[in-house]
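**Q** predicted model and sequence below, questions to follow.
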Amino acid sequence: MAEPTQMLILSIPTSLPIEDPTSPAGKIWNEILDIVRTSEGYKRLYWGRHVEKAENVQLHIVRSLLQNHTTFLSSTSFFTLSKLVETLTSTQTKPTIRHALISEFSPSCKSLGKGAPVTGTAIYLSTSTSSWDIAWAKWVAFVQTVPGFLGIAGGPVLESVNGHERAFIALVGWESVAVHEAYHHTRHFREGRKVLLEPAKGGYAYYGHIGFTHAEEKGGGRGGRVKL
């Protein structure tokens, strides 16, 4: 079943080690995560830095209902979260916020903060429903035989992306960036790429890799959490 997922893309310089919970930046980051943890409908979260642009941090939040996401954005809690984020950013750029209905398409998928060291991602643009669904199904079957593959997930993005009303985000787990990039030079990839890009009339955007190495889900009673 698709998970309503809120994606926050934040600009946080690497000089602020939010990965270290004992650092000043890490303590602020934990305050931010605490706000998310206590939000209505919260189920789990996963986050990490973009490999190619390490100042970009992606925080993905799964809640029970899409309405929980929209309600959160108009809440005082989100206002507080935004102010905390401002203390960590080096620019005045506001966070990019997207929503998607993300499903897992392979057994034991590790790409959503579930164990893959890196997750390759891209957003495909102008994906017409019928032809895209067929192409995506072919790609899912195609990629699972690739060495280093650790699971595939994805789903429709609910906002327009770069002016395109229909878009689809792919999230594919890999053993490493090097393994993924090596695959791009194979005949197998060139053949599969044609299948996927043909129905994406707008091409693709925001390609890269994210180290979703921090993940947790709600558990252990009220306010409890379980590290994944």
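**A** Cool, got the structure.
**Q** so the residue nearest the centre of the chain is in which element?
**A** Central residue of the chain (Cα atoms, centre = their mean): His60, 5.4 Å from the mean position. According to DSSP states H and E, His60 maps onto strand 56-63.
**Q** swap in His188?
**A** Applying DSSP H and E, one finds His188 within helix 187-197.
**Q** and Ala182, by the same measure?
**A** Using DSSP H and E, Ala182 sits within helix 177-183.
**Q** any idea how far apart the tips of stretch 200-209 sit?
**A** End-to-end distance for stretch 200-209: 20 Å, by Cα to Cα, to the nearest Å.
**Q** I misspoke; the intended subject was stretch 6-17.
**A** First-to-last distance for stretch 6-17 - Cα to Cα - comes to 23 Å.
**Q** hang on, the earlier thing: quick one: the following helix or strand past the strand holding His60 to chain centroid distance?
**A** Remark: after strand 56-63, the chain's next helix or strand is helix 66-73, criterion DSSP H and E. Helix 66-73 sits 17 Å away from the centroid of its parent chain (Cα atoms, centre = their mean, to the nearest Å).
**Q** helix or strand with the lowest mean pLDDT in the chain?
**A** Ranked by mean pLDDT, DSSP states H and E, the weakest helix or strand in the chain is strand 225-227, scoring a mean of 54.
**Q** quick check: the nearest residue to Leu125 once chain neighbours are set aside vs Trp132, distance?
**A** The shortest distance from Leu125 to any non-neighbouring residue, by Cβ to Cβ, 6 or more residues apart in numbering, is to Gly202 (2.9 Å). Every residue, glycine included, has its C-beta placed from N, CA and C. Note on Gly202: its distance to Trp132, by Cβ to Cβ, to the nearest Å, is 11 Å.
**Q** give me the more crowded residue out of these two.
**A** Trp132 (20 against 17; other Cβ atoms under 10 Å).
**Q** so the more buried one is in contact with Phe168, correct?
**A** Yes. Trp132 lies in contact with Phe168 (Cβ atoms under 8 Å); the separation is 6.5 Å.
**Q** what distance do you get for Phe72 to Asn162?
**A** For Phe72, the distance to Asn162 - Cβ to Cβ - is 25 Å.
**Q** kindly report the same for Arg63.
**A** Arg63 sits at a distance of 26 Å from Asn162 (criterion: Cβ to Cβ).
**Q** quick check: bridge partners of the nearest residue to Asn56 once chain neighbours are set aside?
**A** Leaving aside its sequence neighbours, Asn56 sits nearest to His50 (Cβ to Cβ, 6+ apart; 3.9 Å). Taking DSSP bridges, one obtains Ile210 as the residues bridged to His50.
**Q** one more: Tyr124?
**A** Applying DSSP bridges, one finds that Tyr124 bridges with Phe168, Tyr204.
**Q** Glu198 is in contact with that one, correct?
**A** No. Checked against Cβ under 8 Å, the pair Tyr124 and Glu198 is beyond contact range at 10.8 Å.
**Q** in contact with the residue lying closest to Glu3 once chain neighbours are set aside, which residues?
**A** Spatial nearest neighbour of Glu3, chain neighbours left out: Val62 (4.8 Å); criterion: Cβ to Cβ, 6+ apart. Contacts for Val62 (Cβ atoms under 8 Å, 6 or more residues apart in numbering) come out as 3-6, 42-45.
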